[in-house]
Each structure stands twice: as structure tokens, then as C-alpha cells.
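Undergrad: Here is my input; please provide its structure:
(one chain, ligands or ions: 1)
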Amino acid sequence: MSSPALQVHAFEPLSRSNGPGKRAVLWVQGCHLACPGCFNPDTHPMDAGTSLSVNEVFEQIKEQEHLVEGITISGGEPLLQPRALLGLLNRVKHETALSCIVFTGFAWGAIRENPRLFPLFQHMDVLIAGPYRHSERVAAGLVGSANKTFHFFTDRYTLNDFSQTPSAEVFLAADGSIRFSGIDPVQW
Ligand code: SF4
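TA: From the prediction side, this is the model:
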């Protein structure tokens with residue numbers, strides 16, 4: 001059975017602030033969790049972004065395989081598109097040597113009560129779970145707030161690998177435009 005299309009917000013071919021080592025980053029479009037203080041509100045509308053087939057997204061990732069050690073999937077809320085996400089994770093796991101880290105705003109307690117999501121965990125290395133809570137903001141490494149929990153499904157990484165991740169990075173494009181990735185260091 002073919003996967004549905006994936007609603008995509010943005011793709012960054014090479015980042016250093018979205019997990020261990022150099023990584024490609026996929027931000028999916030659509031999130032209804034409305035965490036107060038969310039640093040990526042442009043990703044919230046479910047009908048914005050670009051609809052791409054799993055194959056189109058996979059080919060973008062595959063092109064980076066010689067430059068990065070893995071893919072990080074963030075959002076938006078990846079778990080709101082479970083079938084497309086599973087199709088993509090399945091291809092990354094079986095057709096590349098890339099590691100896979102997924103962010104979700106759902107708390108682990110809610111996730112583990114939803115068996116429909118369990119197949120996803122067989123195709124990722126790490127899930128970082130939990131809503132952003134402004135009152136518990138830490139903005140260190142990949143952790144926006146202290147309630148976030150790490151779930152390791154393979155032995156590829158340990159918590160220590162994530163402690164080295166820079167909190168943010170700035171991209172300066174050839175046309176002079178500036179883009180930002182990671183946790184906003186000046187938002188309080
Ligand atoms: S889950 Fe993520 S994208 Fe969604 S509102 Fe919370 S911080 Fe923002």
C-alpha cells in the first residue's frame with residue numbers, strides 16, 4: 001500500500017543544531033497542540049506548506065547521505081501524519097545508513113497508549129517527546145523545556161551524544177538572506 005503525501009514545511013540539507021553530528025532536517029507542516037511560546041508558529045496551519053510524495057522527500061534526504069550522519073524530523077507535529085511518516089522512515093532505515101531522530105509535542109504517556117504509533121518506533125533511533133512548556137524553558141542542546149523526554153529505540157546514540165548539540169545556528173545564504181535554526185536564544 002502506497003503512503004499518502006507528506007505535508008512539508010521546510011527542508012534543511014545540512015544542520016549542526018538538530019542532533020548529533022551533521023544532519024539533514026525535515027520540518028513537517030501542521031500542528032494543533034498550540035504550546036504557549038512555541039518558537040515555530042508558521043508550522044501550525046494544517047493546510048499550509050507543500051504537499052510532497054514520500055518518494056520526493058526521500059530523494060531529497062538520500063542526496064545528502066554522503067554529507068550527513070542522519071535525518072532529524074521535526075515540525076509542526078510529525079505524529080499527526082503517521083502513515084506518511086512511516087513510509088518515509090521505512091525507506092530511510094532500509095535504503096540508507098542514516099540515523100533518524102524524531103521530535104514530537106505529544107507527551108510519552110499519551111503516545112504509549114496509542115498502538116497505531118508503535119510501528120514508527122521500529123524505524124527510528126530516537127524520539128524526543130513532550131510539549132514545549134515555557135515555564136520550564138531550558139533552551140539547552142535540543143531541549144526547549146525540561147519536561148522533554150528521550151526514548152532510545154536502538155543503541156546508535158546515548159543521552160551524552162545529545163549534550164554536545166549546539167542550541168542554535170544561523171545560515172547566511174549567498175543572496176545575503178539569513179535563516180535561523182534551533183532554539184531561539186533571545187526569546188524568553
Ligand atoms: S508541538 Fe512543537 S510545533 Fe506544535 S505548538 Fe508545540 S512546540 Fe509548537
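Undergrad: what about the residue of the chain found nearest the ligand, how many residues close to it?
TA: The minimum distance from the chain to the ligand, using CB to the nearest ligand atom, falls at residue 105 (2.2 Å). Every residue, glycine included, has its C-beta placed from N, CA and C. Residue 105 has 22 neighbours, counted by other CB atoms under 10 Å.
Undergrad: quick check, the longest strand seen in the chain touching the ligand?
TA: The single longest strand within the chain, with elements called by DSSP state E, is strand 6-15. No - Strand 6-15 is not in contact with the ligand by CB under 6 Å from any ligand atom; minimum separation 9.5 Å.
Undergrad: Test of understanding: give the bridge partners of residue 7.
TA: On the basis of DSSP bridges, residue 7 is bridged to residue 51.
Undergrad: That one against residue 30, yeah?
TA: Yes - between residue 7 and residue 30 a contact is recorded at 5.5 Å, counting by CB atoms under 8 Å.
Undergrad: interface residues of this protein facing the ligand?
TA: 31, 33-35, 38, 40, 43, 75-77, 105, 131-132.
Undergrad: Which ChimeraX command selects the buried ones in the residues you listed?
TA: Buried members of the residues of the chain next to the ligand, defined by 16 or more other CB atoms under 10 Å, are picked up in ChimeraX with:
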select :31,35,38,40,43,75,76,77,105,131,132
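Undergrad: quick one on the thing from earlier: joint contacts of residue 7 and residue 30?
TA: Common neighbours of residue 7 and residue 30, counting by CB atoms under 8 Å, 6 or more residues apart in numbering, are 46, 49, 76, 81.
Undergrad: need the contact list for residue 131.
TA: Per CB under 8 Å, 6+ apart, neighbours of residue 131: 33, 35, 105, 106, 107, 145, 147.
Undergrad: For the last one, give me its contacts.
TA: What it means is residue 147. 107, 130, 131, 133, 136.
Undergrad: How about the contacts made by the residue lying closest to the second one once chain neighbours are set aside?
TA: In space, residue 130 comes closest to residue 148 once its chain neighbours are excluded; the distance is 4.5 Å by CB to CB, 6 or more residues apart in numbering. Residues in contact with residue 148 (CB under 8 Å, 6+ apart) are 128, 129, 130, 142.
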